[in-house]
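**Q** whatever this is, show me its structure:
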Amino acid sequence: MCHTSLLFLIYLVVPVTGNRFTFDSTSLVSTTENWLHEEIPCIGDRIRFDNTLPVVAFMDHNVNVESIQLPDNGLIIFTDNGIDLGGDANWQCAKNNLEESKDVFFTRDSRHDTSFYNPKNWIPEHKRFLHMNQVPSEEDDVIVSHISAVQMYLDIPVKVNEFKWYSREVSSFIFHLELPYSYSNPSANCVTVPTTIFL
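**A** Coordinates of the predicted model:
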């Protein structure tokens, strides 16, 4: 006697809902994390940039220093209203008259600190445990919420659902960046890599 068993496989279809991620790695000069050893320049110091990596610095406040050595490879971006070099800079520390000026470096320890796939660079709306859920995927929305300049290192292709930069929607359906300089291609939604992008 032969018994025939039927195996029924039931696939559960669960709707996928995306998460919302805020990029939290700004390049503000007034942020201590952007300075080597978290040492911000005091009034009268000399600002230097790490010339081994591409640099983006957003001058969000007045700066009062002896000098600024411009980076060999990078950008210094100013606010719409500009800044007052040598003006009031309440984010900087004061020096007493006996202290000598010193070099202070605007830098990050590694170019991969700014990696798209570094969970430390993202604030998710809903916290998840797995690493793959701690960085944006093609179902997720990406937001850069500060008025700032953003430096993001990409070493493999990236897809996201929506990309908003400081209240401006780059694309309602597709985030597409094909480097060097194309922001729109309706037939694809990937980022061509490897490179560092500056937004």
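
**Q** now the strands for the protein?
**A** Counting by DSSP state E, the chain has strands at residues 20-23, 46-49, 55-59, 67-68, 74-78, 103-106, 122-124, 141-144, 151-154, 162-165, 168-171, 195-198.

**Q** out of the ones you listed, nearest to residue 93?
**A** Residue 93 lies closest to strand 103-106 among these, at 10.3 Å (CB to CB). All C-beta atoms are positioned from the backbone trio N, CA, C, and that covers glycine.

**Q** got the CA coordinates for that closest one in CSV?
**A** In CSV, the C-alpha atoms belonging to strand 103-106 read as follows (Å, rounded to 0.1, in the frame of the first residue of the first chain):
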residue,chain,number,x,y,z
ASP,A,103,48.3,73.7,15.2
VAL,A,104,44.9,72.1,15.6
PHE,A,105,43.7,69.6,13.0
PHE,A,106,40.2,69.4,11.5
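
**Q** show me what it packs onto, helices and strands only.
**A** Judged by 3 or more CB pairs under 8 Å, 6 or more residues apart in numbering; DSSP states H and E, the packing partners of strand 103-106 are strand 46-49.

**Q** repeat that for 10 Å
**A** strand 46-49, strand 55-59 (3 or more CB pairs under 10 Å, 6 or more residues apart in numbering; DSSP states H and E).

**Q** now do the buried residues in that strand.
**A** Across strand 103-106, burial judged by 16 or more other CB atoms under 10 Å covers 104-106.

**Q** and those, which is closest to residue 49?
**A** residue 106 (5.4 Å).

**Q** what is the mean pLDDT for stretch 23-30?
**A** Stretch 23-30 shows a mean pLDDT of 82.

**Q** return the most buried member of the helices and strands packed on strand 103-106.
**A** Of these, the one with the most neighbours on average (mean count of other CB atoms under 10 Å) is strand 55-59, at a mean of 22.

**Q** packing partners of it?
**A** strand 46-49, strand 74-78, strand 103-106, strand 151-154, strand 195-198.

**Q** can you say which of those is nearest to residue 121?
**A** Closest of these to residue 121 is strand 151-154, at 7.9 Å (criterion: CB to CB).

**Q** which neighbouring elements make contact with that closest one?
**A** With contacts taken as 3+ CB pairs under 10 Å, 6+ apart, strand 151-154 sits against strand 55-59, strand 195-198.

**Q** going by mean pLDDT, which of those comes out lowest?
**A** strand 195-198 (a mean of 47).

**Q** quick one: contacts of stretch 38-47?
**A** Here stretch 38-47 makes contact (CB atoms under 10 Å, 6 or more residues apart in numbering) with 29-32, 34-35, 48, 57, 63-70, 76, 86, 88-89, 91-96, 99-106.

**Q** burial count for the closest residue in space to residue 105 that isn't next to it in sequence?
**A** Nearest residue to residue 105 in three dimensions, chain neighbours excluded: residue 36, at 4.0 Å (CB to CB, 6 or more residues apart in numbering). Using other CB atoms under 10 Å, residue 36 is surrounded by 14 other residues.
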